[in-house]
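S.K.: Could you look at this predicted model? Sequence included:
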Amino acid sequence: MDDYSLVAALRTDSYLYLFAFTFLYYDHLLTLDEEIKFIWSRPYHSSSWLFFLNRYFSFVGNIVIFLSMFFAPSGPSSCHPWEQFQQFFHASVQIIVAILLTMRVYALYGCNRHVAVVLSGIIIFGVCATAVSLTFSKSSIATSPFPIGCHDTLNLKNAALVSVGWELVLFYDTLLFSMTLLKAYQARFQPQIKEFNKLSLFRIIVQDGSIYFGIMVLTNFTNVLTFYISGSTLLRGTLSPFASCTSVTLMSHLMLHLHKIANKGLYYESGMK
């Protein structure tokens, strides 16, 4: 790669990271008043702490990644720990989001134990497969003309290993999306949820969940493609921060919406609370 192509790829990588970070923190500021009003100004429940975990684990972790991208000294010895942290951080974020989404689908299916066992088994398998793939993958640090900033490069073999976790996320999102649509279809024939002009928590979970899954399936699919078809080794997986920040942001919106509805005194019409 010549110097011009290298600089262009480094700038593209940095801009995409910066866009993802800006998206996450700007949305945080926009919704901070609602967070305080509907979550922290009310009695705390388990959902409050789950919201905190989803929102602030990513909030703090992305600050660390931002520092490594734009302020850490460039070089293999100083950048390898940052790159390893970044990979396992994104994996941890997706695990948290997956657990929260699983809880929503579990509630949607009337707290069916079989659903919980199957989905939990898939998550455990995904965690193990992702850990193994990240352990065996090896990234190289880009030889940068700039003295600061850590950027890694992935050949096709290692890109395929790193992409395993994102492919599993894509599969799991697609599965939960399908289950949500199936439940919405089945609900059409249930008398207690047939009245569509009356808002219910059931409908909110279905509608919000469908929007979330639709956006994330598209985002994760695009991210997975970058691991295989990117013309630059620097840009393989470059959409991972955006996919991670998007999933956290949308998950926060889903939880905030449910808290807002709960505070307005709306109930799940099928009797589940």
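M.R.: Great, that's in hand.
S.K.: ok, and the closest non-adjacent residue to His28?
M.R.: Of all residues not flanking His28 in the chain, Phe59 sits nearest, at 6.7 Å (C-beta to C-beta, 6 or more residues apart in numbering). (C-beta placed from N, C-alpha, C; glycine too.)
S.K.: show me what contacts Ala160?
M.R.: Each residue near Ala160 by C-beta atoms under 8 Å, 6 or more residues apart in numbering is listed here: Phe227, Tyr228.
S.K.: wait, is it part of a helix?
M.R.: Yes. Applying DSSP: H, G, I helix; E, B strand; the rest coil, one finds Ala160 inside a helix.
S.K.: so how far is Ile123 from it?
M.R.: To Ile123, Ala160 is 22 Å away according to C-beta to C-beta, to the nearest Å.
S.K.: so where's the stretch 151-273 of the chain uncertain?
M.R.: Counting by pLDDT under 70, the stretch 151-273 of the chain shows low-confidence ranges at 187-202, 264-273.
S.K.: related to what we said a few turns ago, give me the pLDDT value at the residue nearest to His28.
M.R.: The score at Phe59 is 94. That number is its pLDDT.
S.K.: in the stretch 1-150 of the chain, what spans have low per-residue confidence?
M.R.: Low-confidence segments of the stretch 1-150 of the chain (pLDDT under 70): 1-4, 74-75, 141-148.
S.K.: For it, just list every one of the strands.
M.R.: 140-141 (DSSP state E, counting those that start in this stretch).
S.K.: The residue nearest to His28: how many residues sit nearby?
M.R.: 15 (other C-beta atoms under 10 Å).
S.K.: And for the one 5 residues further on?
M.R.: Other residues near Val64 come to 14 when the count uses other C-beta under 10 Å.
S.K.: ditto for Tyr17
M.R.: 25.
S.K.: was I right about it contacting Met69?
M.R.: Yes. At 5.3 Å, Tyr17 counts as touching Met69 under the criterion of C-beta atoms under 8 Å.
S.K.: ranges for the helices of the stretch 1-150 of the chain?
M.R.: Under the criterion DSSP state H, counting those that start in this stretch, the stretch 1-150 of the chain carries helices at the ranges 3-35, 46-70, 76-108, 113-136.
S.K.: closest one to Tyr185 among these?
M.R.: helix 76-108 (12.4 Å; C-beta to C-beta).
S.K.: Which strands or helices does the closest one pack on?
M.R.: Packed against helix 76-108 by the contact rule (3 or more C-beta pairs under 8 Å, 6 or more residues apart in numbering; DSSP states H and E) you find helix 46-70, helix 113-136, strand 140-141, helix 156-187, helix 201-229, helix 240-263.
S.K.: what's near enough to touch Leu176?
M.R.: Leu176 sits next to Leu101, Thr102, Val105, Leu119, Gly209, Phe213 when contact means C-beta under 8 Å, 6+ apart.
S.K.: So which of those is the closest to Ala262?
M.R.: Nearest to Ala262 among those is Gly209, at 16.2 Å by C-beta to C-beta.
S.K.: does the closest one really touch Leu254, like I thought?
M.R.: Yes. Under the criterion of C-beta under 8 Å, Gly209 makes contact with Leu254 at 7.2 Å.
S.K.: Overlap in contacts, these two.
M.R.: By C-beta under 8 Å, 6+ apart, Gly209 and Leu254 have these common neighbours: Arg104.
S.K.: Look up the closest residue to Leu168, ignoring the ones flanking it.
M.R.: Gly126 (4.3 Å).
S.K.: check contacts around the one you found.
M.R.: For Gly126, the contacting residues are Ala98, Gly165, Leu168, Val169, Tyr172, by C-beta under 8 Å, 6+ apart.
S.K.: All set now, cheers.
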